[in-house]
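**Student:** Please find the sequence and the predicted model below.
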Amino acid sequence: MKATFFSVFALAISAIASPVPQVNGAVGQVNGVVKSTTDIVTKKVGVKQIVDEATSVKRAIADPQVLITTIKTTVHKVNGQTTGINAIVEKVKSGALTKDAAATQAIPMFEAVHFELTEVVTKLTGAAGLDVPDVDVDTILSLVVVLVSDVLTTVKTLITEIGLRPQLISILHSVFTILAKVLTLVIGIVGAIVPGLIAALTPLLAGLGNAVLAPVLTPITGFLAGIAAA
């Protein structure tokens with residue numbers, strides 16, 4: 001079955017013609033972000049507060065239901081932003097908004113998406129080692145697929161209409177980078193979702209069919225390449 005997933009994934013990669021970095025550095029980057037944040041906080045507050053806050057984060061996701069609720073909340077908040085971005089696209093189609101103006105208006109919404117994903121990265125980092133029963137695996141997989149699909153299809157819809165404007169490149173790459181970190185952390189907690197995740201996201205990426213997006217999609221394609229080859 002792994003060979004089948006990898007073969008399909010290879011077709012997806014060729015369809016979007018993107019370079020494929022490995023995902024091995026993703027976990028290290030997440031740990032680096034956490035360490036850097038801890039170092040900064042250490043200089044600003046007392047040791048007891050640091051310990052209390054670290055414990056709070058570690059216990060933020062204490063059971064599978066909290067994990068599900070956390071991901072579900074992120075899906076809802078991200079969708080609130082992607083809905084706004086899709087509304088911008090409709091304004092461009094109707095002639096009410098220029099393409100450059102649309103890109104400018106979309107940037108704060110993508111920044112909000114990045115913020116929500118960063119928040120969930122912090123929470124998921126504190127959930128390492130959580131024991132997730134088989135009965136919850138499909139629910140978590142479905143939520144993760146919805147999250148990634150929402151972001152990918154929204155970006156495709158916008159870029160198809162206005163093109164990959166220069167001002168969008170940086171924020172889109174940042175969004176996909178943090179999204180890859182979310183995926184890395186989730187599979188670290190619930191490794192059983194990997195086959196389903198590959199099966200769901202591979203055709204989605206292939207369906208984008210837009211080489212213009214390849215440079216900003218490399219964090220996601222790299223992530224999938226890494227888990228497919230594992």
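**Tutor:** That came through, no problem.
**Student:** Give me the most central residue, this structure.
**Tutor:** L179 (1.7 Å; Cα atoms, centre = their mean).
**Student:** Look up how far P108 lies from that one.
**Tutor:** Going from L179 to P108 by Cβ to Cβ, to the nearest Å gives 18 Å. To be clear about C-beta, it is placed using only N, CA and C from the backbone, and glycine gets the same treatment.
**Student:** repeat for L201
**Tutor:** For L201, the distance to P108 - Cβ to Cβ - is 27 Å.
**Student:** can you check A228 too?
**Tutor:** Between A228 and P108 the computed distance is 34 Å (Cβ to Cβ).
**Student:** Who has more neighbours out of the two?
**Tutor:** More crowded of A228 and P108, by other Cβ atoms under 10 Å: A228, with 24 against 12.
**Student:** Check what pLDDT that one gets.
**Tutor:** If you check A228, the pLDDT there is 87.
**Student:** Show me where the protein has its helices.
**Tutor:** For the chain, applying DSSP state H gives helices covering 2-16, 24-44, 47-58, 64-94, 99-125, 137-162, 166-189, 194-208, 214-229.
**Student:** angle of the longest one against helix 99-125?
**Tutor:** So the one you mean is helix 64-94. 180 degrees (axes from the mean of the first three to the mean of the last three Cα atoms, to 10 degrees).
**Student:** With the last one instead?
**Tutor:** Angular relation of helix 214-229 and helix 99-125 on a 0 to 180 degree scale: 30 degrees, by the same axes, to 10 degrees.
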